[in-house]
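> Following is a predicted model, sequence given first.
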Amino acid sequence: MTPLGYILLPLGLLGLLTSARRLYCLFVFWTVFSATSVINVGGPDNGSAVQVWMFFGTLWLLRLGLERASLLDFSIDDRVKPMAFWILGFLAVATVSLIMPVLINGRLEIASPILGNDQETPLFLSSHNVTQLLYLVFGGLISICVAHVNLVEKNREETERIFLYAGIFIACWGIFQFFCHITGIPYPSFLLNNSASGSATGYLQKLDTGVSRISSAAVEPSILAQGLVTLLPLTLPAWQKRGFVFSRRRDRLITLLFVVVLLLSTSSTAYVGLVILAATYILYAVRAGSFSKTKAIFVFSLIGVMAIAVVALAFISIPVISQLINTLLLSKAYGGSGVERAMTMALAFGYFQKYPILGIGWGSATSHDVVVFLLSNVGIAGEIVFFCAIFSVVRSNWRRITSHDSPLDLSREAWLMSLVSFMLTSILIGFPLVFGNFWLVLGMAMATGSRSATARDMSVPVGVRRTVRQDTLGTET
């Protein structure tokens, strides 16, 4: 148990006894703290951790399960059933894929995914496969339950506020970490970077130039960047005077805060993510009728040209910037990070070629991307079902896009852009299996894309909600 765990444990037990809502709120807040744990097992080389969001998420699911059991009702709401069935289908394929290690029974040698390590291990079904499957099932159930909760307008508003509060905290903590680096003050990693997992040491990373990187309470800078990029859509309506979460001024300040931290993270995921988010926003604007196709092409081209011009000018005239760009974009492709990433993908694709239908079993292969990772672990069958699940959520939201600025429309815009940005950046950095913000974003996108998620399904007239919803993501009146 970590010191933070001793503090959070009573809160969790209190929520389990008294309120599912309290547990849910704590779960939402801690989803972006991927380097923070309540319990650690093992050491740095083979350690694992129970993240805080997992702790509260487990208690929340337990509380919901007990409530459903008392009602003898475990049915899925018809409004999210089609999307939920695709997710359950993927969980089923991943479960069935565990038969592959049993059938292979040591005939396949799995090479180490670590660069320079020539060790090979025969493939057998192990506890690691089961543990990875449990992580996946847990995340899938979390996303379905999040979708259920946020079919209610009031709950969706509360989720958006809490999630944005979490983003503000983790961004400010990142700036504090940057301040510690430039002043020489010891960074208190024991507070929020307390995970025993070997992958959670991003706060120790440095560039080749010796500059310390910013990871805040995330496992590494790229995960911090991905989290902030997927939070940005919640703040964008304030810039167009269409709506806000807290207020126009506060939301705009939050946008600037996130962008500053993204730049300080020195993560290529941050810069690529911002481009992806901009492209997604323009496509959404065209679909909603805010932009014509010609205007969209012009705006995106103009932004692209301006960004390239600024980067090129900085690269030529500012030595520090040129060193940074060279480290992030040029040297990385030929350094250990890029070579190791390519190596894991090549090895994993080789496993897929030998066992193309179900792969070699969930949790058996490592690959630092999404596509090859799925092909190697669950084969073509799992790959198809997974992307059908994501496509069903994106399609449901896309079909319901309107030119209105109702609270629901703005929420749909934000969560659709968040999901698309999350998935596209995950292609670059890996499958977000153990990160709670992915499952939260997926569940929220399911809620906004549900069959009857329209204004007429809300409990009060839209006009009344617009009036009382002055501090949430909606239309300012």
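Yes, it's here.

> helix/strand/coil for Ala49?
Taken by DSSP: H, G, I helix; E, B strand; the rest coil, the conformation at Ala49 corresponds to strand.

> Just confirm it contacts Ser197, I think it does.
Yes: here Ala49 reaches Ser197: they are 5.0 Å apart, a contact under C-beta atoms under 8 Å. For every residue, glycine as well, the C-beta is placed using N, CA and C.

> in stretch 237-257, what's buried?
237-238, 242-246, 248, 250-251, 254-255, 257 (16 or more other C-beta atoms under 10 Å).

> Check these and tell me the two furthest apart.
The largest separation in these, counting by C-beta to C-beta, is between Arg242 and Leu257 at 20.3 Å.

> which residues are in contact with both of Ala49 and Ser197?
By C-beta atoms under 8 Å, 6 or more residues apart in numbering, Ala49 and Ser197 have these common neighbours: Ser37.

> Those two: which has the busier surroundings?
Ala49 (24 against 20; other C-beta atoms under 10 Å).

> which residues pair with the closest residue in space to the more buried one that isn't next to it in sequence across the strands?
The shortest distance from Ala49 to any non-neighbouring residue, by C-beta to C-beta, 6 or more residues apart in numbering, is to Ser37 (3.6 Å). With DSSP bridges as the criterion, Ser37 is bridged to Gln51.

> Please give me every residue in contact with Ser37.
Thr2, Leu4, Gly5, Ala49, Val50, Gln51, Val52, Asn194, Ser195, Ala196, Ser197.

> who wins for most neighbours among those?
In those, the most neighbours by other C-beta under 10 Å go to Val52, 29 neighbours.

> residue boundaries of the strands in the stretch 201-350 of the chain?
Using DSSP state E, counting those that start in this stretch, no strands are found in the stretch 201-350 of the chain.

> can you list the weak-confidence ranges in it?
Scanning the stretch 201-350 of the chain for pLDDT under 70 picks out the ranges 208-210, 290-293, 295-338.

> And the helices in it, which stretches?
With helices called from DSSP state H, counting those that start in this stretch, the stretch 201-350 of the chain shows them at 221-231, 248-264, 268-288, 293-317, 319-325, 332-334, 336-354.

> packing partners for the first one?
Translated: helix 221-231. Helices and strands touching helix 221-231, by 3 or more C-beta pairs under 8 Å, 6 or more residues apart in numbering; DSSP states H and E, are helix 153-183, helix 248-264, helix 268-288, helix 407-429, helix 436-448.

> Buried deepest among those, which one?
The highest mean neighbour count among the helices and strands packed on helix 221-231, using mean count of other C-beta atoms under 10 Å, belongs to helix 436-448: a mean of 28.

> what angle do that one and helix 153-183 make?
Counting by axes from the mean of the first three to the mean of the last three C-alpha atoms, to 10 degrees, helix 436-448 lies at 150 degrees to helix 153-183.

> Now helix 436-448: average pLDDT?
The average pLDDT within helix 436-448 is 96.

> Using PDB, write out the CA atom coordinates for it.
The C-alpha coordinates for helix 436-448 follow below in PDB (Å, rounded to 0.1, in the frame of the first residue of the first chain):
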ATOM      1  CA  GLY A 436      -8.600   4.900 -17.600                       C
ATOM      2  CA  ASN A 437      -9.100   8.100 -19.700                       C
ATOM      3  CA  PHE A 438      -9.400   5.900 -22.900                       C
ATOM      4  CA  TRP A 439     -12.300   3.900 -21.400                       C
ATOM      5  CA  LEU A 440     -13.900   7.100 -20.100                       C
ATOM      6  CA  VAL A 441     -13.700   8.800 -23.500                       C
ATOM      7  CA  LEU A 442     -15.100   5.700 -25.200                       C
ATOM      8  CA  GLY A 443     -18.000   5.500 -22.800                       C
ATOM      9  CA  MET A 444     -18.800   9.200 -23.100                       C
ATOM     10  CA  ALA A 445     -18.700   9.000 -26.900                       C
ATOM     11  CA  MET A 446     -21.100   6.000 -26.600                       C
ATOM     12  CA  ALA A 447     -23.500   8.100 -24.500                       C
ATOM     13  CA  THR A 448     -23.500  11.100 -26.900                       C
END
